[in-house]
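> Predicted model follows, preceded by the sequence.
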Amino acid sequence: MKKILGYTDTWSVSPGEKVGFKVSAYGAERYRADLVRVICGDNDPNHDIFQLEEIEAPFNGEYRGRLQPIDAGSYAVLPYSNAYDGIESFTALAWVYSTTPSKGRQALMVQWQDDPATGFALTLDDTGALTLRVGDGRGNVAEVSTGEPLAERRWYLVAGSYDASTGTISVSQQPDSGPLDPLRSASASDGAEGFAVAQIDLLFGALRTTLSNGKSGSASHFNGKIDRPRLASAVLSSADIELVASQVNPFEQYPNLVAAWDFSRDTGTDVVSDTGPNALHGHTVNLPSRGCKGFNWSGKEQNWQHAPAEYGAVHFHDDDLYDAGWETDFEYVIPADLKSGVYATRLRVDDDEWYVTFFVRPRRGKTTSKLAFLASTATYMAYANYQWLFHERYAEVAESLWTTLEKTDVFLQEHPEFGLSTYDNHSDGSGVRYASRLRPILNMAPTTPCWSFNADTHILGWLENWGIEYDVITDEDLHREGVELLEQYRAVLTGTHPEYYTTPMLDGLRTYLAGAGRLAYLGGNGFIWRCAMSDNFPGVVELRRAEDGIRYRDEEPGEYYLEFTGEYGGLWRRLGIPPQAVVGVGTIAVGFDASGYYQRTRDSFDPRADFIFEGIGEDEIIGDFGYLGDGASGSEIDAVDPLLGTPAHTLVVASSEGHSENTLIVPDEIGFHHVAMDGVQSPLVRADMTFFETPGGGAVFSVGSISWGASLPHNGYDNNVSRISANVIERFLRETPFDALG
Amino acid sequence: MYKIDPSRTDLAYEFRDNPDGPYSAELKLVINRLRVMPMADRHVLVCIERGRRWMLARIPPTRGGQIERYEDQVFSDYDEAVWEVFKRRWKTVTGQELV
């Protein structure tokens, strides 16, 4: 159903900088590319607010379409070395924890080439049993299997060997002694004509293959963990195998080891280190998970940095994806006079189109407005290629809907190689921790459903229609540049759902607010989760959904520490910086079937709040309209909580009501379940609209609702939600400092 | 788990006549039961033209599998499309067809 897709090599660019566009066509021989500025990406004809501006660009024009494949699935590559030369007999061994033993052939440790069949391949066969194949490079291939499938999610010490003196190949699998289930050891031997080293890379977790474009790729990916893989140039006894596998550095005792890899080193990078003298180092591909519990995890330590010897596993997945690696079709150098904003390149074929979105900020160190729109690119990444709706059995009851897929959803279902979001589970059921923008993102573009990115274009459309000038900056900019980026602006405006914050992002924002900064938080469920970014993996966010919150999937116990930074993951409220302490409100409830509206409170008549309600009637209902649940307070809503840090002088100028029975208190607010946790019965279920001044002369205004933005376009952007938002921005852009002490 | 009584076609017709709710207490149970059926082979909709047209479809049993498209079941009214989904799932869950 999709015939054209693409992505950029970067999201945030300034005048003078270059952005590259990578395009794949699915059956179309030619396509047309045109630059547009995104004003409002909501293309529902019933709303009639879709608005793009065509922009002249040197790359606008026709291009030849080509299919660019994606090689998903993680593995590790150890480049070929002459240290392997001369190996006649060998033993390959590792601790292995298979999460899908029966899914089909899966590579564990291979140095194999097909033509002529040479080398060895230690794999799981179609039944999940350990298998060793050897080839002698002269046409002779031998294979032996234990015939006993590995049990799912149990550690095994596996080994495969070839004895040149007897022409025997052998395999053995020994279950870890911990579990109570009656797992059996198994082994087998058979004759082989011979073995020759393949002069090719050694891989963990995949076999080499050739992709449809002729490039080298990977196949037969392993789902699960591998810990302490070793290669010896001798046949080791069972006792020696156990000893070699149990020691972090076994070289002193076993000098005939070729390599002993230690995955606990270099966590947070793609480096794979050999602890031995041959230095057979390598790298991972497609971001397998690291900082993972090994076979010997005792449970006494939860932090991979404190007990690296117990965190020696890498968790590989057949649907991991970092960089799709497409070739560039065309590039664009941002001209000096291009207005800061959200842009997209529209790709068109006969009966399909796609928008490749990117963000243009002013020249570095310059501004073109006093107001910055902070695009929630960390959140856009976290949601990238979200598939929970059609993977999760209980999604419909969670969201009170009948599944209605987009064409892009259909495409993703049929193309799992495009990777997942941090809301999804891998094919083996483990939670997705990494989400990359270096691939087509089918839910981040104009014309996609109004959530996250495209919901934010309601705010852009409102700014444009009210004539409010703004610059666009992104989360990645804030992560890199911190408060210096924000300090250039008198006021900062969020999107509808700024959910994910790295520590540098939150530090930058808080420092800005401790000064004279003004923040208008026109969203909900914001500033909730700690995420991480890394210079080692540009264009990726990492999450560990520790403890509680709306996690969508479980996080592996003992693996709550982020790989990229070593920080403890989870909710900022459990990390000492609740959103209530930053913006006055924090998430209280979610519900997607219907939204509520706001009523002014007594605080709204405080003179400090006069500017907010200029032009608004004393009894006027605020936001009983909108494109998300027909109200301005909904989807995900926030409320004050002094115990979680809402500043004492915060004015709650309006609160919402009219919420549905399907709007439920969030898990992080629940000490125990009861039957009055919904929007009809619970007084907790409400959005609080708040305002407070900061000691540095700044101020914070929050609406605490994702749906607020979808009410802005109502009635041609002429409504009381728009009016209140504009009142706030107009005051926030005035130089006169706010006075927190009255 | 709640078991739908297939003879209670009155509940199905309550949904047909008022698909956006509010629903009676018993109809809520029916709707939730139809919404928690296994994903594999679940009938769903695909939006083929924003706000205008929807096609009946069915989720395959595995990731990567092709979504079954019902090219002859395209609706220009969303409520009618949802009613078709309701009827298909009713049959899947109860074994009996709604007429």
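Perfect, I can see it now. The structure presented is a predicted model; accordingly, all values stated were derived computationally and were not measured.
> How far off centre is the longest helix seen in chain B?
In terms of residue count, the longest helix belonging to chain B (DSSP state H) is helix B:78-94. Taking C-alpha atoms, centre = their mean, to the nearest Å, the mean C-alpha location of helix B:78-94 is offset from the chain mean by 3 Å.
> Distance of the residue lying farthest from the centre of chain B relative to residue A:387?
Distance from the C-alpha centroid of chain B peaks at residue B:64, with 22.7 Å (C-alpha atoms, centre = their mean). Applying C-beta to C-beta, to the nearest Å, the value for residue B:64 to residue A:387 is 12 Å. Bear in mind the C-beta positions are built from the backbone N, C-alpha and C, glycine included.
> any residues in contact with both of those two?
Common contacts of residue B:64 and residue A:387, defined by C-beta atoms under 8 Å, 6 or more residues apart in numbering or on different chains, comprise residue A:413.
> those helices in chain A, which residues are they?
A:238-246, A:377-382, A:388-391, A:395-399, A:407-414, A:453-465, A:475-481, A:483-486, A:503-514, A:579-583, A:708-711, A:714-717, A:720-732.
> Ok, which of those comes nearest chain B?
Chain B sits nearest to helix A:395-399 of all the helices of chain A, at 3.9 Å, using C-beta to the nearest C-beta.
> Show residues contacting the closest one.
A:388, A:389, A:392, A:402, A:403, A:592, A:593, B:32, B:35, B:36.
> ChimeraX command to pick out the buried ones of those residues?
Applying 16 or more other C-beta atoms under 10 Å in any protein chain shown to these, the buried members can be selected in ChimeraX as follows:
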select /A:388,389,392,402,403,592,593 /B:35,36
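> quick one: which of the contacts of helix A:395-399 sit in strands?
Members of the contacts of helix A:395-399 lying in strands (criterion: DSSP state E): A:592, A:593.
> Widest-spaced pair of the contacts of helix A:395-399?
Between any two of the contacts of helix A:395-399, the greatest separation by C-beta to C-beta is 18.4 Å, found for A:388 and B:32.
> could the contacts of helix A:395-399 be laid out in TSV, adding pLDDT?
Converted to TSV, those look like this (pLDDT from 0 to 100):
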residue	pLDDT
A:388	96
A:389	95
A:392	96
A:402	97
A:403	98
A:592	96
A:593	95
B:32	98
B:35	98
B:36	98
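> quick one: which of the contacts of helix A:395-399 is nearest residue A:704?
Of all these, residue A:592 has the smallest distance to residue A:704: 16.3 Å, by C-beta to C-beta.
> Please give the number of neighbouring residues around the closest residue to the closest one other than its chain neighbours.
Leaving out its chain neighbours, the residue that sits closest to residue A:592 by C-beta to C-beta, 6 or more residues apart in numbering or on different chains is residue A:399, at 4.4 Å. Residue A:399: 19 surrounding residues under other C-beta atoms under 10 Å in any protein chain shown.
> per-residue confidence for residue A:399?
What the model reports for residue A:399 is a pLDDT of 94.
> One more: residue A:741?
Listed pLDDT for residue A:741 reads 76.
> same deal with residue A:554?
Looking at residue A:554, the pLDDT reads 87.
> ok, it to residue A:429 distance?
Plainly put, residue A:554 is 9 Å away from residue A:429 if you go by C-beta to C-beta.
> Same check on residue A:244?
31 Å.
> Kindly report the same for residue A:528.
Using C-beta to C-beta, which is the criterion applied here, residue A:528 is 24 Å from residue A:429.
> Looking at these two, which has the bigger crowd around it?
Higher neighbour count among residue A:528 and residue A:429: residue A:528, with 27 against 13, using other C-beta under 10 Å.
> Just list the residues touching the residue lying closest to the more buried one once chain neighbours are set aside, thanks.
Nearest non-adjacent residue to residue A:528, counting by C-beta to C-beta, 6+ apart: residue A:499, 5.2 Å away. Shown in contact with residue A:499 (C-beta under 8 Å, 6+ apart): A:376, A:379, A:382, A:525, A:526, A:527, A:528, A:529.
> And residue A:499, how far from residue A:59?
33 Å.
> Ok, residue A:46 next?
34 Å.
> which of the helices of chain A sits most buried?
helix A:708-711 (a mean of 32; mean count of other C-beta atoms under 10 Å in any protein chain shown).
> Who are the packing partners of it?
With contacts taken as 3 or more C-beta pairs under 8 Å, 6 or more residues apart in numbering or on different chains; DSSP states H and E, helix A:708-711 sits against helix A:453-465, helix A:720-732.
> In chain B, what residue spans correspond to strands?
Secondary structure of chain B (DSSP E): strands located at B:43-49, B:53-58, B:68-75.
> which residues does residue A:120 bridge with?
With DSSP bridges as the criterion, residue A:120 is bridged to residue A:111, residue A:134.
> For residue A:630, which residues are in contact?
Counting by C-beta under 8 Å, 6+ apart, residue A:630 makes contact with A:594, A:595, A:624.
> Those residues, buried ones only, as a ChimeraX selection?
Burial among the contacts of residue A:630 is assessed by 16+ other C-beta under 10 Å; the matching ChimeraX selection reads:
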select /A:594,595,624
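> quick one: which of the contacts of residue A:630 is nearest residue A:321?
Closest approach between the contacts of residue A:630 and residue A:321, by C-beta to C-beta: residue A:595, at 34.9 Å.
> and chain A, which of its residues are near chain B?
Taking C-beta under 8 Å from any C-beta of the partner chain as the criterion, chain A approaches chain B at residues A:1, A:43-47, A:319, A:390-394, A:396-397, A:402-407, A:409-410, A:413-416, A:427, A:447.
> Kindly state the domain boundaries assigned to chain A.
Listed by automatic domain parsing, the domain ranges of chain A are A:75-316, A:371-732.
> Report how many residues lie close to the nearest residue to residue B:42 once chain neighbours are set aside.
Nearest-residue entry for residue B:42: residue B:59, 4.8 Å, with adjacent residues in sequence omitted and distances by C-beta to C-beta, 6+ apart. By the criterion of other C-beta under 10 Å, residue B:59 has 20 neighbours.
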